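# Any chance you could fold what I've pasted below:
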Amino acid sequence: MNVVVNGRHIEVTPALKKYAEEKIGKFDRYLSNITEAVVTLSVQKYVHKAEVLLKANGVMIQAEGSTGEIYSAIDEVLEKLERQVKKFKEKMVSHRRQEKGGMPEAGTPPAETPTIIKRKRFEMKPMNPDEAAMQMELLDKDFFIFTNDQSGDINVLYKRNDGNFGLIEPVK
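Numbering: from 1, shown residues only. Next up is the predicted model:
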């Protein structure tokens, strides 16, 4: 596993990097196929923040933690990450045993014209809407863009106000 430790407004010392790498290395026992782990450490005033993004076989798992001390922030984010990884593994086991169910009807999100202030690029693994819903929950986001493994089209899965999911599919 490739572990990348970045610092924002903080110098990443060799001891801090070693501590983060050792802690992240323990996730190999939960997920054997982790390809990369990106650890971002930052400081704003007296708040130390640690963010971790695990990339494992096309799935991304993200968590962040904030405390008054950088080492405890790393410990906090790793506890959150451990819960998410265990939840992911449980869902993978139960997901394989269940038959695929249908998705709720797609709604239309409100139309806005926001200004682009941040741009992200990431690899998209083809997946079905159920896998996309699981990935969206792991990332704790309100929407998720993915390539549908059946149609090959780009789809958008989003969380509705009633707690269910909506799926946006292109019309051919």
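
# since we're on Lys49, how many residues are nearby?
Look at Lys49: counted by other CB atoms under 10 Å, it has 20 neighbours. Where C-beta positions appear, they are placed from N, C-alpha and C, glycine not excepted.

# Identify the residues contacting it.
With contact taken as CB atoms under 8 Å, 6 or more residues apart in numbering, Lys49 is in contact with Leu41, Ser42, Val43, Glu64, Gly65, Ser66, Ala73.

# Dihedrals phi and psi, it?
In terms of degrees, to the nearest 10, the main-chain angles of Lys49 are phi -130, psi 140.

# for the protein, what helix or strand is lowest in average pLDDT?
Lowest mean confidence among the helices and strands of the chain (mean pLDDT, DSSP states H and E): helix 70-97, at a mean of 84.

# Figure out how far that helix is from the centre of its chain.
11 Å (CA atoms, centre = their mean, to the nearest Å).

# From the contact counts, what lies against it?
If you count contacts as 3 or more CB pairs under 8 Å, 6 or more residues apart in numbering; DSSP states H and E, helix 70-97 packs onto helix 14-25, strand 34-44, strand 47-56, strand 59-67, helix 129-139.

# Could you point out which residue ranges in this structure have low pLDDT?
Within the chain, the stretches with pLDDT under 70 are 95-114.

# okay, now the domains of it?
As assigned by automatic domain parsing, the chain contains the domains 2-97, 129-168.

# Next, format the contacts of Lys49 as CSV and append distance to Glu123.
Conversion of those to CSV gives the following (distance: CB to CB, whole Å):
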residue, distance to Glu123
Leu41, 24
Ser42, 25
Val43, 30
Glu64, 21
Gly65, 26
Ser66, 28
Ala73, 28
